[in-house]
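Visitor: got a predicted structure here, sequence first:
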Number of protein chains: 2
Amino acid sequence: MTRLDLFADVVALTRALVDIPSESGHEARLADAVEAALAALPHLTVERIGHSVVARTDLGHPERVLIAGHLDTVPAAGNLPSRLDGGLLHGLGACDMKGGVAVALRLAATVPAPAARDVTYVFYECEEVEGDRNGLGVIAAARPELLAADLAILMEPSDAGVEAGCQGVLSADITVRGERAHTARSWMGVNAAHRAAAVLQRLADHTPQRVVIDGLEYREGLNAVAVRAGVAGNVVPDECVITVNSRFAPSRSAQEAEAYVRDLFPGHDVEVTEVVTGALPGLGQEAVASLVAVLGVAPRPKLGWTDVARFAALGVPALNYGPGDPVLAHTAGEYVPVAQLHACEERLRSWLSASP
Amino acid sequence: MTRLDLFADVVALTRALVDIPSESGHEARLADAVEAALAALPHLTVERIGHSVVARTDLGHPERVLIAGHLDTVPAAGNLPSRLDGGLLHGLGACDMKGGVAVALRLAATVPAPAARDVTYVFYECEEVEGDRNGLGVIAAARPELLAADLAILMEPSDAGVEAGCQGVLSADITVRGERAHTARSWMGVNAAHRAAAVLQRLADHTPQRVVIDGLEYREGLNAVAVRAGVAGNVVPDECVITVNSRFAPSRSAQEAEAYVRDLFPGHDVEVTEVVTGALPGLGQEAVASLVAVLGVAPRPKLGWTDVARFAALGVPALNYGPGDPVLAHTAGEYVPVAQLHACEERLRSWLSASP
C-alpha cells in the first residue's frame, strides 16, 4: 500500500494523491491509503464506510464543522502522472479535487486540537457518477449521525474563493406531437417539428430571473439542451422532443421549479425527468459568517450544482471553498495553482486554530 | 430455372413473379426467367444488361412506345409466398410492382404485331435503392439508344389510373449556429436550438404553391423532416441542424428549386444535399393524348418522384400507369386487385392493337 505522508507539504501530498489513480468505482487503493494515514493520528476517530473514510476530533466543543472532499476522479485523459510546471500542478484530479483533499488531510494531521469547534473530515467515493452511488449519500443513509455538523465546507474547486450555496437543476422533456404523412402529400399530416417553433421561440424570448439571497445574485437559466425529430427523409415527423435544462435559485422548492417550467408551456406534454433542489448560501448563520470573515474573500454565488445541496437537505449549512479553477474541472489539462493550495491550507488552519 | 408461362392469365403470372424473390441486388433469378421467356418469342429482339432485360419489336412503325417495370422489391416482411384472397392478390411486390410487370410481360407475349407503334419492353433492376444502381440509369449510360422512344409508360402502381409527370425533390440541411456554454452560465453562450425557432416558424408559416400544368395541379410541399441539436444535458448547444425536404412542381428547374429554398432562409447556412427535377405531364403531346383517350381515365398529377423523371431527362414524355394502390407500396400488407390487373392489360392491349 502506498503510504501517504500527511506531514509533508501540501504540494507533495497533492502529487501523491494524484499519482494513486481513483476513477469513480476504483477508489479502494486511495481510500486504503487515506484511512491508514488518518488512523495513525491519535487525536482522530476513524471509520470506513464502503470506500469512504470519516475521521473526527472529539474535544467536546459545542460546535462541529465538517470538511469534505471526494476521492474519485473522472476517467483519465492522458494526464497521469502528476507534473509540476512552475507554480502549476497538473494531472488528473489535481483541480477536481485532490488539491482540496490534500488541504483537508493536512489540516486533519496538523491541527490536532482545533480551538473552537470539533471537526469531522469526510473523504468519499463516487461523486462523479450517478447520484445514488455518491459516498455522501451512502453515509447519510447508513450512518447519518456521522454527518451531523453546524457547518460543512466542501473542498470543491472555487478558485480559493467562497462559493456559497448552489442552484437547483431540473430536466424536462417537452414533447410536441403531430401526424405522420409522406412529404409528397404533407397536407395530410401535421408537422411536429414546425409546431416546435413555438416552444423554442418561447425559450428564446424567456428572460431568466435573477434572485438575490444574502446579497448574492443567483442568475437562473432555462435552455433547450437537445432537440430531436425525424422519422425518415420523406416523412413528415409526428413527434419533436425538446429537452430543457433549468437552473433555478436555491430559494425555490422542487415543486415551484417544476410549476415554473410547466406554466411556461401550457398545453404541452412536459415530463420532468430530474429535479434536485439547490442549497441556500446561509451567510447569515454565525458559523458561516465567521469563516467568511477569516477567509477574507467576498462570497460569490455557486451557480452549478454541487454536494453542498446534500448538506442543505440534511439541514447543515454548507459552502464550497477549495483550490483550483472550477472551469478546469473534467478537462484533460486540469491543474491546481500551488499558491492556492498554500492559501487554502493556511486560511483554514487560522480559522480552526482561532479562539472563539 | 423457373419457367414463366406468359400465356397463362395475368393473375397466375403475377403470382409466379411474386414467388421468385427479387429483393434489390438479388434480381438474377427473376431476370433469368424473364429473359428466357421473352427470348422464346420470335417477334422480339432481347438484350440483357446486368440484371435488366430489354425486348423490342421492330416492325418499322414511325413511332415507338416504351413500357417499363422494375423487377426488384423492398426486403421481405413475412409476406411470401403469394396469396389470393378473393379479388386481392397479396404478397411481396404484388403492388410494387410485379403486377405491372406481369401486365407488360403479357402484352409482350400476346401483342406480337402492335398496330401503330413499335414497342420496347424494359424490365430493370435496383429501383428501390440508391439512384446510381438503378437499372434504367445503367442502360441510359451504357446503351442509351435502347431507351429511345416517343412515349414511356412506367407500370408503377397508380390504382389503374394515369398519374402524369412527377414532382421534383430537394433535400437541404439548414445549420443554425450558436456558442457553447455550461447551462449554469448559459448567458456566456448562444443557444442554437433557440435560434432555430425562426427557421421552424418560417416553415410553419410557409404556404406551398399549387402549380397547374396541362390542367393538373401539382401541390408543392416544404417540410422539416429532421431536427438535431444536443451536446450534453448541461451544455448550451452550439449547433442545430434542420433537414428540409422540398417537393416542387415539374415546371421548376433544379436551380429554381434551390434558389426558392435559399431565398426563404436568408443569412442561414443552407446545404443542398440532393436535388432531382420532376417530369412534366406532357398531356399535350399526341402520343400521350391518344393513350389517355384510350385508357378512358382522367389523368391525375403524380406527386411522389418516380422514374418517369429519368425518361423526362432523356427527352421522352412518360406517365405512370399500373395496377395497385401506390399507398400500399412498401407495406407488409401490399396487394394488387385482380380486377386492376385485368383492366390494365385489356386497356393497353386495346391501345397497342388500335390502328393509328
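Guide: Structure's in. What do you need?
Visitor: which of the three states applies to A:T306?
Guide: Classification of A:T306 by DSSP: H, G, I helix; E, B strand; the rest coil places it in coil.
Visitor: which residues does it contact?
Guide: A:154, A:156, A:166, A:320 (Cβ atoms under 8 Å, 6 or more residues apart in numbering or on different chains). Heads up, the C-betas are built off the backbone N, CA and C, glycines and all.
Visitor: so the strand or helix carrying A:L319, near chain B or not?
Guide: Element membership for A:L319 (DSSP states H and E) is strand A:318-321. No: counting by Cβ under 8 Å from any Cβ of the partner chain, chain B is not contacted by strand A:318-321; separation bottoms out at 12.8 Å.
Visitor: following that strand, which helix or strand comes up?
Guide: Once the chain leaves strand A:318-321, the next helix or strand it forms, by DSSP H and E, is strand A:335-337.
Visitor: could you point out which element follows that following strand?
Guide: helix A:338-353.
Visitor: buried ones from the contacts of A:T306, can you make that a ChimeraX selection?
Guide: Only the buried entries of the contacts of A:T306 go into this ChimeraX selection, using 16 or more other Cβ atoms under 10 Å in any protein chain shown:
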select /A:154,156,166,320
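Visitor: out of the contacts of A:T306, show me where the pLDDT dips lowest.
Guide: Least confident of the contacts of A:T306 in the model: A:C166, at 91.
Visitor: so who does it touch?
Guide: A:C166 makes contact with A:250, A:278-279, A:302-306, A:308-309, A:320, according to Cβ under 8 Å, 6+ apart.
Visitor: can you do 7 Å?
Guide: A:250, A:278-279, A:302, A:304-306, A:308-309 (Cβ atoms under 7 Å, 6 or more residues apart in numbering or on different chains).
Visitor: what's the answer for A:A318, then?
Guide: Contact partners of A:A318, counting by Cβ under 7 Å, 6+ apart, are A:152, A:154, A:279, A:308, A:311-312.
Visitor: go with 10 Å
Guide: Counting by Cβ atoms under 10 Å, 6 or more residues apart in numbering or on different chains, A:A318 touches A:66, A:68, A:149, A:151-154, A:164-166, A:279-282, A:288, A:302, A:306-312.
Visitor: follow-up on the earlier one: and which of the contacts of A:T306 is nearest A:L264?
Guide: Among these, A:C166 lies closest to A:L264 (Cβ to Cβ), at 22.9 Å.
Visitor: how close does the closest one get to B:A184?
Guide: 9 Å (Cβ to Cβ, to the nearest Å).
Visitor: hey, what's in contact with both of the two?
Guide: Counting by Cβ under 10 Å, 6+ apart, the common neighbours of A:C166 and B:A184 are A:247, A:302-305.
Visitor: among these, which pair sits farthest apart?
Guide: A:R247 and A:K302 (10.9 Å).
Visitor: shared neighbours, those two?
Guide: Common contacts of A:R247 and A:K302, defined by Cβ under 10 Å, 6+ apart, comprise A:166-167, A:218, A:278, B:184.
Visitor: domain ranges for chain A, per the record?
Guide: Chain A breaks down by automatic domain parsing into domains covering A:10-165+A:279-353, A:168-276.
Visitor: just put these in CSV and tack on distance to B:D269.
Guide: As requested, these are arranged in CSV below (distance: least, Cβ to Cβ, whole Å):
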stretch, distance to B:D269
domain A:10-165+A:279-353, 29
domain A:168-276, 17
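Visitor: just so I know, which of those lies nearest B:G99?
Guide: Here domain A:168-276 is closest among those (Cβ to Cβ), at 20.8 Å.
Visitor: does A:Y321 touch A:V162 like I think?
Guide: Yes: in this structure A:Y321 lies within contact range of A:V162 using Cβ atoms under 10 Å: 5.3 Å.
Visitor: before we move on, back to that, so which of the domains of chain A is nearest B:P42?
Guide: Nearest to B:P42, of all the domains of chain A, is domain A:168-276, at 42.7 Å by Cβ to Cβ.
Visitor: give me the average confidence score over that closest one.
Guide: For domain A:168-276, the per-residue pLDDT averages 95.
Visitor: endpoints of that domain, how far apart?
Guide: This stretch, domain A:168-276, spans 6 Å end to end (Cα to Cα, to the nearest Å).
Visitor: OK, contacts around the residue nearest to A:A148 when sequence neighbours are not counted?
Guide: Distances taken as Cβ to Cβ, 6 or more residues apart in numbering or on different chains put A:R64 closest to A:A148, at 6.9 Å, once the chain neighbours are dropped. By Cβ under 10 Å, 6+ apart, A:R64 lies in contact with A:56-58, A:114, A:117-120, A:148-152, A:287, A:316.
Visitor: of all these, which comes closest to chain B?
Guide: Of all these, A:A152 has the smallest distance to chain B: 20.6 Å, by Cβ to the nearest Cβ.
Visitor: what pairs with the helix or strand the closest one falls within, parallel or antiparallel?
Guide: In the assignment (DSSP H and E), A:A152 maps to strand A:151-154. Here strand A:151-154 is paired, per DSSP bridges, with strand A:63-70 (parallel), strand A:318-321 (parallel).
Visitor: buried set for stretch A:197-205?
Guide: A:197-204.
Visitor: does it reach chain B?
Guide: Yes: applying Cβ under 10 Å from any Cβ of the partner chain, one finds stretch A:197-205 touching chain B at A:197-205.
Visitor: cool, stretch A:247-265 as well?
Guide: Yes: interface with chain B: stretch A:247-265 contributes A:R247 (Cβ under 10 Å from any Cβ).
Visitor: on that earlier part again, show me how far the strand holding A:L319 is from its chain's centre.
Guide: Taking Cα atoms, centre = their mean, to the nearest Å, the mean C-alpha location of strand A:318-321 is offset from the chain mean by 10 Å.
Visitor: cool, and stretch A:182-195?
Guide: Centre-to-centre, stretch A:182-195 and its host chain are 44 Å apart (Cα atoms, centre = their mean).
Visitor: now do stretch A:270-284
Guide: From the chain centre to the centre of stretch A:270-284 is a distance of 13 Å (Cα atoms, centre = their mean).
Visitor: buried stuff in it?
Guide: Neighbour-count burial for stretch A:270-284 [16+ other Cβ under 10 Å]: A:270, A:272, A:275-283.
Visitor: now do stretch A:306-325
Guide: A:306-312, A:314, A:316-325.
Visitor: sorry, back to before: pick out the lowest-pLDDT one from the contacts of A:C166.
Guide: Lowest pLDDT among those: A:G304, 84.
Visitor: what's the burial count for it?
Guide: Here the number of neighbours of A:G304 (other Cβ atoms under 10 Å in any protein chain shown) works out to 19.
Visitor: what is the nearest of the shared contacts of A:C166 and B:A184 to A:G93?
Guide: Among the shared contacts of A:C166 and B:A184, A:G304 lies closest to A:G93 (Cβ to Cβ), at 17.8 Å.
Visitor: for the closest one, what are its contacts?
Guide: Contacts of A:G304 (Cβ under 10 Å, 6+ apart): A:156, A:163, A:166-167, A:169, A:247, A:278, A:320, A:326, A:329, B:182-185, B:234.
Visitor: show me which of the residues you listed are buried.
Guide: A:156, A:163, A:166-167, A:169, A:247, A:278, A:320, A:326, A:329, B:182-184, B:234.
Visitor: I'd like the residues you listed as JSON lines, with secondary structure appended.
Guide: Formatted as JSON lines, these follow (three-state DSSP):
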{"residue": "A:E156", "secondary structure": "coil"}
{"residue": "A:E163", "secondary structure": "strand"}
{"residue": "A:C166", "secondary structure": "strand"}
{"residue": "A:Q167", "secondary structure": "coil"}
{"residue": "A:V169", "secondary structure": "strand"}
{"residue": "A:R247", "secondary structure": "strand"}
{"residue": "A:G278", "secondary structure": "coil"}
{"residue": "A:N320", "secondary structure": "strand"}
{"residue": "A:P326", "secondary structure": "helix"}
{"residue": "A:A329", "secondary structure": "coil"}
{"residue": "B:H182", "secondary structure": "strand"}
{"residue": "B:T183", "secondary structure": "helix"}
{"residue": "B:A184", "secondary structure": "helix"}
{"residue": "B:N234", "secondary structure": "coil"}
